[in-house]
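[1] Need a 3D model of the sequence below.
(one chain, ligands or ions: 2)
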Amino acid sequence: MKVFVVGAGGREHTLVWKIAQSTRVSEVYCAPGNPGMRNIARSVNIAVDDIKALADFAESYNIDLTVVGPEAPLVAGIVDEFERRGLKIFGPSKAAAQIEGSKVFSKNLMKKYNIPTAEYRVFENPEAAIDYISSINPPLVVKAEGLAAGKGVIIARDRYEAEAAVKSIMVDRAFGEAGNRVVIEEFLQGPEVTVLAFCDGKIAVPTVSSRDHKRVYDDNKGPNTGGMGAVSPAPAYGADLAKIVEETIIQRTVDAMAKEGIPLKGILYTGLMLTKDGPKVLEYNCRFGDPEAQVVIPRLKTDLIDIMLAVIEGELTDIKVEWKKEPAVCVVMASGGYPGHYETGKVITGIDAAEKTGAIVFHAGTAERDGKIVTAGGRVLGVTALGEDVESARRSAYNAVLKIHFDGMHYRKDIGK
Ligand code: AMP
Ligand code: GLY
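    Ligands and ions are numbered 1, 2, ... in the order given. The predicted model follows:
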């Protein structure tokens, strides 16, 4: 089989890494890809949002299966276009991708189907939102309706921060069209857990759990980032809780989408807060998490291609999805200044030495220049290791991280602690 992966980050490197191990796969292509994949995939110079060019490529290269990493092309309808041309693709339709693309859609879905989540109100104009803010007690959470590259959620500690958030989203249009409406919701507290699930439109098969580390500094301090590391399984997420989440949240969500006439295929990413009143949904995404994929996929024993084809055919019940017992830890190495302004083009050394320790080095923001690997993004590398227990996975991941160097690099020291 020829498999085509769309995307360029650490998540996509992880997908390519796993897909290339399948005995069914002869060739892997990635658009646009990154230098970490060069020994296992051919890079195709097409942007992730150029849906027509991606479909043309899949047609002319007789691609058997396309796998989409990031949300933007899914929300823009890449799956519909591929299916219209009779091309096999793993991911949700444009209509189903609303579960990530519109927070108003997803909140209303949860309310209608009694899926536990924070209390909320939706506003179409800033004055009404600000009136509402003055009537309730902070803290509260202000969210832009649409995609905002992870920046559309503002935790407001007081009324003034909440008003500023509404103005930035709805008046200044910080996220463009994504700010047509805002969701204002109750502030929840507790540990966070990510649960991904394969969904074939009818049933959901959850993966092992994971936890992202969103803040830039140790002890969850500093601004939010795309994710500074991940651990799988998530601490504090035992079998009893997993059962509750599977029944009252994940399968209920898949059933709800089917009842709405827009069956969900591909991945359901559920971001949960484990509150004292039970698990509640913070957000849904319709694709693998980044960096959650970097700890979940390396623990998967089953051939990912078998699972993906079963998802597409609506036959997930026929597949046994098996996982390694060993926990995994992924440490993200970032450019100096990230998540604020950072420079690129810094030469990276020590990747080979890090890999010799047994760790896997997933590239996220790297490029090749004069035969050298250089930095090309905020999150540069994700270093993943498995171990007997979380502590030994942690030790192995950090041991590998110590072999790698680039000017200005920084990373959290407490991933999985
Ligand atoms: P998102 O961009 O939707 O992934 O949300 C980013 C982060 O905002 C989440 O991972 C949570 O840490 C936080 N968050 C979102 N909604 C709430 C909420 N209702 N209460 C507290 N924190 C939240
Ligand atoms: N790690 C958070 C996300 O992928 O949305």
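[2] helix or strand for Glu12, which one?
    Element membership for Glu12 (DSSP states H and E) is helix 10-19.
[3] Which elements pack onto the next helix or strand after that helix?
    Next helix or strand after helix 10-19 toward the C-terminus (DSSP H and E): strand 27-32. In terms of contacts (3 or more CB pairs under 8 Å, 6 or more residues apart in numbering; DSSP states H and E), strand 27-32 is packed against strand 2-7, helix 10-19, strand 42-43, helix 51-60. C-beta here means a position set from N, CA and C on the backbone, and glycine is covered the same way.
[4] and the very next helix or strand once past the last one, how far from the chain's centre?
    Going down the chain from helix 51-60, the next helix or strand is strand 65-68, by DSSP H and E. For strand 65-68, the distance between its averaged C-alpha position and the chain's averaged C-alpha position is 16 Å (CA atoms, centre = their mean, to the nearest Å).
[5] Are strand 65-68 and ligand 2 in contact anywhere?
    No - under the criterion of CB under 6 Å from any ligand atom, strand 65-68 makes no contact with ligand 2; the nearest approach is 13.7 Å.
[6] Turn the helices and strands packed on strand 27-32 into JSON lines, including mean neighbour count and distance to Phe187.
    Shown next, in JSON lines, are the helices and strands packed on strand 27-32 (neighbours: other CB atoms under 10 Å; distance: least, CB to CB, whole Å):
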{"stretch": "strand 2-7", "mean neighbour count": "26", "distance to Phe187": "33"}
{"stretch": "helix 10-19", "mean neighbour count": "26", "distance to Phe187": "29"}
{"stretch": "strand 42-43", "mean neighbour count": "16", "distance to Phe187": "43"}
{"stretch": "helix 51-60", "mean neighbour count": "17", "distance to Phe187": "37"}
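[7] Looking at these, which is nearest to ligand 1?
    helix 10-19 (14.7 Å; CB to the nearest ligand atom).
[8] quick one: furthest residue from the center of this protein?
    Distance from the C-alpha centroid of the chain, by CA atoms, centre = their mean, peaks at Ser135 (34.7 Å).
[9] Could you measure from that residue over to Arg159?
    Plainly put, Ser135 is 10 Å away from Arg159 if you go by CB to CB, to the nearest Å.
[10] what does Ala58 give?
    Distance, Ala58 to Arg159, by CB to CB: 51 Å.
[11] repeat for Asp172
    Asp172 is 18 Å from Arg159, by CB to CB.
[12] burial of the residue of the stretch 251-400 of the chain found nearest ligand 2, as a residue count?
    Nearest residue of the stretch 251-400 of the chain to ligand 2, counting by CB to the nearest ligand atom: Gly289, 3.5 Å away. When neighbours are defined as other CB atoms under 10 Å, Gly289 has 23 of them.
[13] picking up where we left off before, between Asp172 and Arg159, which has more neighbouring residues?
    Using other CB under 10 Å as the criterion, Asp172 and Arg159 rank with Arg159 on top: 16 against 10.
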